[in-house]
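Student: pasting the sequence and the predicted coordinates here, then a few questions.
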Amino acid sequence: MSASPSAHADTLLAPLTTLKVTPRTARLLQNLCGDRLIDVLWHLPFDLQTFTRYERLSQAPSDAPVAVVVRVIGYNIPPSRRLPIRVHTDDQGARLDLVFFGNARQWIPKTLKKDETYLIFGTIEDYRGRRQVVHPDRTLSLAKADTAAMSFPRYPLTKGMTNLGFLAVRDQVLARLPELREWIAPARRQDWPDWAQAVRTVHLLTNDAPLAPEHPARRRLAYDELLAEQIAIHSRRQHIHAQENHPTKATGHLTRQVRHNLPFTLTKAQETALIEITADQSKPHVMHRLLQGDVGSGKTVIALLAMLGAIEAGGQAALMAPTEILARQHWQTIEPMLASLEIRAVLFTGRERRKKREEIYQDLAMGRIDLMIGTHTLAQPALSFQKLRLAVIDEQHRFGVDQRRVFARKTEGCDLLCMTATPIPRTLQLMAYGDLDITNLREKPPGRHPITTRVMSLDRQNELIRTLKDSPDHHAFWICPAIDSDKIENATDRYESLYKEFGDQVGLIHGRMKGPEQDAVMKKFQDRKIRILVATTVVEIGVDVPHANLMIIEDAQRFGLAQLHQLRGRVGRSEVSSYCLLLFAPPLSAPARERLNIMRESNDGFIIAEKDLQIRKGGDVLGTRQSGMPLLRLVDEDAHIDLIQQANDDAAEIMTRDPDLTSPQGTALRELLKLFGKNIEKNTID
Ligand code: ADP
Ligand code: MG
């Protein structure tokens, strides 16, 4: 009997090197699943392989998983390490070779000893008149043969790692499995096994039922992961809401003027959103809000008015955009509107000369700058605000987690408004933005014509080029998936081929060009000196060139729907009719066609996001970087979606009742949080 297992999750956070594994195996496992014991547990099998035992080798069929008893009669160990070694075996005159590649030569003669008898698990193949098993799934000494299980789970592996090797490590980890106190309230536990039992069930398969994500053991583990995530999110949310800050008392003297200068009036949806935001700003608590609105719904002006409110109240405001193109564009639209106001606004892209940059640092720290627009440069350590009151992050999902974290630290205690045009379904919002309050902007400014979308084969590009020639009013983006690569159509080639047809009317922009170069091209396009702008996805987000009315996307099937929708959102921003052409190189697979058809049928980002979720079986919905979603290891995007809501409800209830997790259930939950590397904020009580 082994010693009784500990009741603490920490046991599983130990590194793999605390097990009996070679450094090489530890390294392989690290790449495969991670370097702690728990990572092995989270690495789930995908299949159960059942071997049929045959009494005689001569009866065992080829090409099926079998188990047979054989005796080792000799070895063939070639001098070259690149050739496999062969272990010759025999059963009553029937022969079988066991073939091993790699560094097996060191240990094979010790594990498979001459003249001894073993039970071999594997699939026999016929090779040049011989029967052989390449890398047996398992070899057992005869003593263990009678009690041996005949089924083994199969795990996703990495090169150099065998299933057998993984099983051995897994068994060591399972031997240390702690019996943790239950953290799920009895009323919420349904028919689920307890945690340790669930872990054993999904690994020690006796039938293939627990392979299905619907199995109670799988659902329990998925729920656990979601619960840990949601508790961390709720804790963070409570922490934010508990932070006091000065209520922003906007006087309206700046916003009134700017509204007066606007070439349009705000839509009702914009007004409603703004009321929600300013009401939140005026509370004595920190605001953490997400403004979610489809491309072109007019979020920028809302952000501007909210920022002016913060300035009216005596604070500073900052707007951070994910690309320089976008920051400049914001600057170009915002700066003229501020012309008659007595405030100082600055664009800061990090490209400024040193002297100028230092001046900006100083002015900002002294409060001589009221409004700052920039890129991730705003998160620079050297930059500090005197009294930042509102920070706006445009297209927030575009920022890396780290950049967001740094910026959040810089803006701690001040109001935060995030903006995104990548709408995601509500359940997923709970994961991605659980710690933010959400304002939705569902209506677009009036007078927009819907964009007509067509799906078209690249075979028809000559036709397309002719149409472009015949209609000089078209101002087009032509998007290519990469800058240059041998495999996919690339922007440089496309630019060259279009240049032959259109000469100087064509421009090229991509992310490897220097900032000033990009600006110059963008400006030409804005000034209508360029009619066709060949681009990579640098123009995907936020770029606003109202007269552009044609969006051509090459190899459209390579893009995600959210991305296609973003790209398409670059046109249809004025009163003229706009078109989007989704070009594909045939043949187009059925699912790819289905996705492109969704684009054709809908112009509504929310609907597209829902449909995308429905058809993306086994895709990358929860793991999607796009939406800043956390990486989930045990959650299946189809089978476990309902658990998100449940985990969210439960976490809300728990954290209201026991925010510092001190109750008995709370103590148990702390162990759960450790398993998933989550924390709660130190908070609330004092
Ligand atoms: P997004 O929400 O994608 O960031 P923008 O803020 O860039 O959208 O706005 C898209 C375009 O719509 C801009 O050219 C902007 O000037 C214009 N716009 C914004 N609000 C209105 C409105 N109420 N009426 C007319 N046009 C508007
Ligand atoms: Mg925008």
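Tutor: The structure has been received and is ready for your questions. Ligands and ions are numbered 1, 2, ... in the order given.
Student: pull the contacting residues for residue 578.
Tutor: For residue 578, the contact set (CB atoms under 8 Å, 6 or more residues apart in numbering) comprises 449, 451-452, 548-551, 571-572. C-betas here are computed from N, CA, C, even on glycine.
Student: 10 Å instead?
Tutor: The contact partners of residue 578, by CB atoms under 10 Å, 6 or more residues apart in numbering, come to 448-453, 474-475, 548-551, 568, 570-572.
Student: quick one: which of the residues you listed sit in helices?
Tutor: Judged by DSSP state H, helices contain the following of the contacts of residue 578: residue 568.
Student: just the buried subset of the contacts of residue 578, written out for ChimeraX, thanks.
Tutor: Restricted to buried positions by 16 or more other CB atoms under 10 Å, the ChimeraX selection for the contacts of residue 578 reads:
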select :451,453,474,475,548,549,550,551,568,570,571,572
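Student: from the contacts of residue 578, pick the one nearest ligand 1.
Tutor: residue 448 (8.3 Å; CB to the nearest ligand atom).
Student: wait, that closest one touches residue 573, no?
Tutor: Yes: using CB atoms under 10 Å, residue 448 makes contact with residue 573 at a distance of 7.3 Å.
Student: follow-up on the earlier one: of the contacts of residue 578, which belong to strands?
Tutor: Of those, the ones assigned to strands by DSSP state E are 452-453, 550-551.
Student: any chance of these in JSON lines, plus distance to ligand 1?
Tutor: Output for those, formatted as JSON lines (distance: CB to the nearest ligand atom, whole Å):
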{"residue": "452", "distance to ligand 1": "19"}
{"residue": "453", "distance to ligand 1": "18"}
{"residue": "550", "distance to ligand 1": "17"}
{"residue": "551", "distance to ligand 1": "14"}
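Student: out of these, the closest to residue 592 would be?
Tutor: Lowest distance from residue 592 to the ones in strands among the contacts of residue 578 (CB to CB) belongs to residue 453, with 15.1 Å.
Student: show me the contacts for residue 513.
Tutor: Taking CB under 10 Å, 6+ apart as the criterion, residue 513 is in contact with 483, 519-521, 536, 538.
Student: try 7 Å this time
Tutor: Contact partners of residue 513, counting by CB atoms under 7 Å, 6 or more residues apart in numbering, are absent.
Student: residue 661: how many residues sit nearby?
Tutor: Here the number of neighbours of residue 661 (other CB atoms under 10 Å) works out to 19.
Student: how about the strands in the stretch 351-500 of the chain?
Tutor: 371-374, 388-393, 415-420, 437-441, 452-457, 476-479 (DSSP state E, counting those that start in this stretch).
Student: could you redo those strands as JSON lines and give each row mean pLDDT and distance to residue 261?
Tutor: Output for these, formatted as JSON lines (pLDDT from 0 to 100; distance: least, CB to CB, whole Å):
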{"stretch": "strand 371-374", "mean pLDDT": "96", "distance to residue 261": "16"}
{"stretch": "strand 388-393", "mean pLDDT": "94", "distance to residue 261": "20"}
{"stretch": "strand 415-420", "mean pLDDT": "92", "distance to residue 261": "22"}
{"stretch": "strand 437-441", "mean pLDDT": "90", "distance to residue 261": "22"}
{"stretch": "strand 452-457", "mean pLDDT": "94", "distance to residue 261": "33"}
{"stretch": "strand 476-479", "mean pLDDT": "94", "distance to residue 261": "29"}
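Student: of all those strands, which one is nearest residue 43?
Tutor: strand 415-420 (32.7 Å).
Student: which parts of the protein sit against ligand 1?
Tutor: 264, 266-267, 270, 293, 295-301, 421, 445, 542, 544, 546, 573 (CB under 6 Å from any ligand atom).
Student: if you drop the residues flanking it in sequence, what lies closest to residue 89?
Tutor: Distances taken as CB to CB, 6 or more residues apart in numbering put residue 70 closest to residue 89, at 3.8 Å, once the chain neighbours are dropped.
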